[in-house]
Each structure stands twice: as structure tokens, then as C-alpha cells.
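Peer 1: Fold the following and give me the result.
(chains A and B)
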Amino acid sequence: MAVADIAVGTVPEVKGRSLWADARHRFLRNKAAVASLIIFCLIVAACFLAPHLGLRAPDDINWELESWGPPNLELGYLLGTDANNRDLFVRTLYGGQVSLLVGFTATLVSLVIGVIWGATAGFIGGRVDGFMMRIVDILYSIPFIFFVIMLTVVFGRFITLIYVAIGAVSWLDMARIVRGQTISIRRREFIEAAEASGVSKWRIITRHIIPNCLGPVVVYVTLTVPNVILTESFISFLGMGVQEPDSSWGTLVSEAAVVMEIAPWAIIGTGGILAVTLLCLNFIGDGMRDALDPKDR
Amino acid sequence: MLHYLMRRLGGAIPTLFVIIAGTFFLMRLAPGGPFARERKVPPEVEANLLKAYHLDEPLWQQFLRYLNGLLHGDFGPSFKYKDFSVAELIFGGFPVSLQLGGIAIVLALTIGLTLGIWAALRQNSITDYAAMSVSMVGIAVPNFVVAPILTLLIGMQLQLLPVGGWGHASNYVLPVIALCLPQIAAIARLTRASMIEVLSSNFVRTARAKGLPARVTITRHAIRAAVLPVVSYLGPAVANIITGSVVVEQIFSIPGIGRYFVQGSLNRDYTLVMGVTVFYGALIILCNLIADLLYGVLDPKVRYD
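Peer 2: Below you'll find the model as predicted:
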């Protein structure tokens, strides 16, 4: 163990770069991950480019059709219509914008809090570390989804709150991972060198510790995004998340679930797109882990 | 042992306090307050209402009153269900939720562990890949998508099982499946990973080297070590099942706590929402405590002092 640690510790910078090349190579060999990445990119592109794809507007009502009508390929209604005779497929794409944005934003919030918290605790160590991780432990046993829902009960249901609330509750794992990583890094020679040459603590954390934690952090970020999307959909499904006129995948699935007896294609379509997105993100995350963290395989 | 238990309890109590204080003060931050409605009530009536619910007292006094009530199992009156106290609603719904969640967690453990061990013993075979791909689907597809699709296929198309209601044994099947599928998947993946690690560890090699039959090596030595991560996952698993039950109870119209929570949140029934959060928080802490103790029993490296 010790020998291996020292060996890794003295790896010259050139090797450090080849670690990423190695990782990329390993990732590209993982067919499931690469296929997932392609599908996921297509979904993201379709959602965010929806206004420019020559599709109908999401609020375009067609009075000729029945509500919750079946898919109609001639008229281009891939998933049929929703309760108000609007194109369900287009609405799913626009709903995807909200879901994906929540996914990315909340993950970003959790990333910032988690990395700073974990790196600080791990770097300072001792009492401060004990205290900070004790807080994380306490927060771990709190039923968070209940708190997020409570926040929406108290402050009303607007999207920004949901972004921040979900992000603010999903940084705990990130903090633990970064702390573990920091503790293993801070005894290395280059940190000692930086300390000896009088670099400030804050600068050591931001310039040396955080960049060196990047591998596990990247892996964890890809696994946080689907979790966050799932949480948002869950809350929206219960009717406590995104509100009309906005819609997210959760609200669409929830609307479709009510009418699944007469319009089964609606729930299969909207739920299917949500499930495929989450599946892809999970496969990408797994592929990243195998690529960046080989000892975990 | 007793010392260890006391120390764990000492950790659990501040956590519970944080949950209670968090919910309490969050609810008091609410703009408008619980009696803000479209129709304005006369000021005297409002004053009387506030007095009846002790909302006219200073905040810290209300908090102490709430804490004191909780110690006696009193979660306060429900703001919306006028004839019920929150405790009556919670303890009325709990047996239902407990049955549902209990069956789900037992099933998830049995199937998940079996599947994980089975996949690990056939690592990188077709069965392994198949089991892990299926469990990935189980993790990724949310239960609020699984539940309606199950209802649609098994309940409506095939007419095999009832799609809602409560009381008969057949009512349990679909909700339990919807609830435990993601946990089966998570436990199977966890078990497989730790089993693979354990199988390549020194003590298993020693057991093999001294000529123990494969069956004994696996059941006596490998599995015992491999279930440890699963034991520490028990706390989160219970939390996930509780969260999942909120949506599953809603979909299958099951009269459990989760449904009250959703109704309470939609109606802004502050005390009910607070009560459920505190109750489930306490339950999760308890389950974490049990998981910790179990871990100590199973892992010879843990000492109780």
C-alpha cells in the first residue's frame, strides 16, 4: 500500500496528463457508456433546440383534434395530444428543458457547496473536520425530500426555489468524497512545498487540492444529475413542483398517469423519455467511474 | 456494548433536535400563516383562533410547547382536518405504511442479495451482464413511472390484480413491486460489487488454500463480509422506501402516512406536514441506529468501546 502511495505521489506531471488520456480511452471502449452519451446528447439537443426545429409551439392548440388523442404521424403528433389539444411530444421537449436545467443547476449548486465544504474539512482536519463532518452526518439522516416539499409549501412553488433547494440538499455525498480525497492528498510533497513557500491556505485549497480531486468529483457529478432530475420529477409528479404554464417531465408524467386508461401512449411516451434520459446518465456515470477510478472496478 | 449504544444515541438526539427545530422554524417563516385565506375573518375571530392554537405566544414559548407535546406523543391539532389531531392521523396511517414498507424492504433484501451474490459468482458472464443491466433499469426508471405502467399492464390490460384500494392481500402486490424494485436494483449492485471485492481478498484465498469446499468458503466467509456495505445501506434504503411510499400510496390510493403528507402539503396543513416530517425523521434515525448496531455485530473489526 505505502509503496504504491509513494509511487503515485512522485508521478511526474507528464504522467498526470496521460491519466486523462487513459481515462478517455477506457471510456470510449465502454460501448454502453458511449451509446448512452450519444443518446443523451441527442435528447439534450432536441430539448434545447426545440424552438428552432420547425416544430409546433408548445401552446399551439388544435381544435380539430380530440384531447388526449392518439399519435398521429400524418399531422406530426408523435405522442398525440394532451388535455388541451396541444402537441404532447413538443411539450415533452419543452418540459425537458426545465428538467434538464434543474438537473444541471442543482448539481452545480451541490458541486460548489460540496467541494468547498469537503475540501475545507479535509484540509484543516482535526476539530474543525470533526465538527464539519458531524454536521454532514446529521444532515444525512434528515428525510430531505420532505424538507424540499416543506420549502415549497412555505415559500410557494417557483422554479428557482426548487433549483436551489434540491442543490442545497444533495451536496452531502460530494462533501464526503472530496474530504476523503483531500485527506489523502494533503500529505503529499507538493502541498508541503506550497506550504513551505508561504502560499495561503485558501489558495492551496483552490489551486492544488480541488484540481487533484477532479476525477472522483467528475464521476460523482454525472451520478448526481440523474438523481436531481429524479427528485424534481418526483416533486412535480406530486403536484408540488413546477407549475403551469411551465411543465417538466414530472408534471407531464403526472398528467399522463391520470388518463393512462384512455391514453396509454402518453404515459409510455413521456415516462419513456424520462427513463431513457436517466438510464443514459447512469450509464455515463458508471462509464466515467470505470474510466477515472479504475480501482473501483 | 452499552457504552456504544449510549454514544450512538447521543449522536441521534441532536439530529432529531435539528429536524424538529428545522421544521418548526421553517413553518413559522411561512408568509401569511396558517389562517391566511381568501375570505377575511373578523379580527376578533382571528385573535381567538390564534389564541386557541397558541400562536399569540412568543416564538420560543411555542417551540417549547411543541417540544413538550412531542415528548408526550402529541403532534398538535391538524389545521385542516378539524376533528383530528396530527397524532391520530399519523398513527392511523402508520400501520398501513409500515406493512407496505416492511414487506418491500424484506423483499428488496432477499431478492437483491440473492441477485447480487449470484451475479458476482458468475462475474462477466451473460447472466451477470443481464442481471446488472436489469438492475440499472430498476435504478433509473422512477417508481412513479413504474407504478402506472404496472397498473396499466397487469391491472387494466390483463385484469389480474386490483389497481387501487386497500385491505385485501391482492391489493399489496402492485404497490410492493413498485416500491421495492429500485431497492432490489440498488442492493443487487451493491452486493455484487462488494462480493467481487471480497472474493479476491486474502482471507477468502486462505480459506480456499486450506481446502474448504467452495460452498463453505462462500457461505461462511465471503457472504458474511460482503453483506456489510448492504447493512450500512439499510438506513438510506429505509429512507428511500419511505420517500417512495409517498408517491406509491398516492398512485394506488392507499390510506397511509404518505398520502396524508401529500394532502397536507397541497392544503398547506402546516402541523400535519411538520408532524409527518418529524415522525419520519425519527423513524429514519432509529433505522440508522439499528443498522449501526447490526453492523457492529457482523463486523468483527468494530469494537464497542
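Peer 1: Show me what residue of the stretch 201-305 of chain B gets nearest to chain A.
Peer 2: residue B:277 (4.4 Å; Cβ to the nearest Cβ). C-betas here are computed from N, CA, C, even on glycine.
Peer 1: what sits against that residue?
Peer 2: A:143, A:146, A:147, A:150, B:19, B:23 (Cβ atoms under 8 Å, 6 or more residues apart in numbering or on different chains).
Peer 1: For the second one, give me its contacts.
Peer 2: Contact criterion Cβ under 8 Å, 6+ apart gives B:243, B:261, B:273, B:276, B:277, B:280, B:281 as the residues in contact with residue A:146.
Peer 1: Turn the contacts of residue B:277 into CSV, columns for distance to residue A:94.
Peer 2: Compiled in CSV, the contacts of residue B:277 are given as follows (distance: Cβ to Cβ, whole Å):
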residue, distance to residue A:94
A:143, 31
A:146, 29
A:147, 29
A:150, 28
B:19, 37
B:23, 35
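Peer 1: So for the strand or helix carrying residue A:273, mean pLDDT?
Peer 2: Assessed by DSSP states H and E, residue A:273 sits inside helix A:264-292. The average pLDDT for helix A:264-292 rounds to 87.
Peer 1: any residue of that helix up close to chain B?
Peer 2: Yes - remark: helix A:264-292 sits within contact range of chain B at A:264, A:267, A:268, A:271, A:274, A:275, A:278, A:279, A:281, A:282, A:283, A:286, by Cβ under 8 Å from any Cβ of the partner chain.
Peer 1: With neighbour count as extra columns, can I get those in CSV?
Peer 2: Formatted as CSV, the entries for those read as follows, by neighbours: other Cβ atoms under 10 Å in any protein chain shown:
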residue, neighbour count
A:264, 18
A:267, 24
A:268, 18
A:271, 24
A:274, 27
A:275, 20
A:278, 27
A:279, 21
A:281, 25
A:282, 21
A:283, 25
A:286, 20
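Peer 1: which secondary element of chain B has the worst mean pLDDT?
Peer 2: Of all the helices and strands that make up chain B, helix B:43-52 has the lowest average by mean pLDDT, DSSP states H and E, namely a mean of 76.
Peer 1: now what about the helix or strand just after that helix, what contacts it?
Peer 2: Elements were assigned by DSSP H and E; along the chain past helix B:43-52, the next helix or strand is helix B:59-71. Contact with helix B:59-71 is made by B:20, B:21, B:24, B:25, B:28, B:54, B:55, B:57, B:75, B:76, B:278, as judged by Cβ under 8 Å, 6+ apart.
Peer 1: Pretty sure the third one sits against residue B:274.
Peer 2: Yes - at 6.7 Å, residue B:24 counts as touching residue B:274 under the criterion of Cβ atoms under 8 Å.
Peer 1: the more surrounded of those two?
Peer 2: In this view residue B:24 and residue B:274 are compared by other Cβ atoms under 10 Å in any protein chain shown, and residue B:274 has more residues nearby, 25 against 19.
Peer 1: got the phi/psi numbers for that one?
Peer 2: The phi and psi values for residue B:274, taken as degrees, to the nearest 10, are phi -60, psi -50.
Peer 1: Report the contact partners of it.
Peer 2: A:150, B:23, B:24, B:27, B:75, B:76, B:86.
Peer 1: Now residue A:242: phi and psi?
Peer 2: The phi/psi pair for residue A:242 (degrees, to the nearest 10) reads phi -60, psi 140.
Peer 1: hang on, isn't it packed against residue A:250?
Peer 2: Yes - counting by Cβ under 8 Å, residue A:242 sits close enough to residue A:250 to count as a contact (7.1 Å).
Peer 1: Spell out which residues are contacts of both of those two.
Peer 2: Here residue A:242 and residue A:250 share the contacting residues A:232, A:236, scored by Cβ under 8 Å, 6+ apart.
Peer 1: Pick out whichever of those two has more residues nearby.
Peer 2: Taking neighbours as other Cβ under 10 Å, residue A:242 and residue A:250 compare with residue A:250 leading, 31 against 25.
Peer 1: What's the per-residue pLDDT of that one here?
Peer 2: As predicted, residue A:250 sits at a pLDDT of 87.
Peer 1: packing partners for the least confident helix or strand of chain B?
Peer 2: With contacts defined as 3 or more Cβ pairs under 8 Å, 6 or more residues apart in numbering or on different chains; DSSP states H and E, helix B:43-52 has no helix or strand neighbours.
Peer 1: which parts of it are buried?
Peer 2: Applying a neighbour-count criterion of 16 or more other Cβ atoms under 10 Å in any protein chain shown, one finds residue B:49 buried in helix B:43-52.
Peer 1: any idea what sits nearest residue 239, other than its immediate chain neighbours?
Peer 2: No chain specified, so I'll use chain A. Once flanking residues are discounted, residue A:239 sits nearest to residue B:266: 6.2 Å by Cβ to Cβ, 6 or more residues apart in numbering or on different chains.
Peer 1: other chain: chain B
Peer 2: Using Cβ to Cβ, 6+ apart, the nearest residue to residue B:239 is residue B:284, at 5.0 Å.
Peer 1: Span of stretch A:254-267 from start to end?
Peer 2: 8 Å (Cα to Cα, to the nearest Å).
Peer 1: if we look at that stretch, which residues are touching it?
Peer 2: Stretch A:254-267 is contacted from outside by A:68-71, A:79-80, A:82-83, A:88, A:236-239, A:253, A:269-271, B:144-145, B:148-149, B:151-152, B:156, B:251, using Cβ under 8 Å, 6+ apart.
Peer 1: just so I have it, where are all the helices in the stretch 151-300 of chain B?
Peer 2: With DSSP state H, counting those that start in this stretch, the ranges of helices along the stretch 151-300 of chain B come out as B:170-199, B:202-209, B:214-216, B:223-226, B:228-251, B:257-266, B:270-298.
Peer 1: Next: the stretch 51-200 of chain A.
Peer 2: Counting by DSSP H, counting those that start in this stretch, residue ranges of the helices within the stretch 51-200 of chain A are A:88-124, A:126-140, A:144-155, A:159-169, A:172-185, A:189-196.
Peer 1: Go through the longest one and flag the buried ones.
Peer 2: By neighbour count with 16+ other Cβ under 10 Å, helix A:88-124 contains the buried residues A:88-111, A:113-123.
Peer 1: Equivalent analysis for the shortest one, please.
Peer 2: When burial is assessed from 16+ other Cβ under 10 Å, helix A:189-196 yields the following buried residues: A:191, A:194.
Peer 1: same check, this time on the second one
Peer 2: Using 16+ other Cβ under 10 Å as the test for burial, helix A:126-140 gives A:129, A:132, A:133, A:136, A:138, A:139, A:140.
Peer 1: Contacts only, for the second one.
Peer 2: Going back to what we said before, that points to residue A:132. In this structure, residue A:132 makes contact with A:117, A:120, A:121, judged by Cβ under 8 Å, 6+ apart.
Peer 1: how about these in TSV, adding pLDDT?
Peer 2: Written out in TSV, the entries for these read as follows (pLDDT from 0 to 100):
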residue	pLDDT
A:117	92
A:120	89
A:121	91
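Peer 1: what's the closest of the residues you listed to chain B?
Peer 2: For those, the closest approach to chain B (Cβ to the nearest Cβ) belongs to residue A:117, at 16.6 Å.
Peer 1: Tell me if I'm right that the closest one and residue A:171 touch.
Peer 2: Yes - the pair residue A:117 and residue A:171 passes the contact test of Cβ under 8 Å, sitting 6.8 Å apart.
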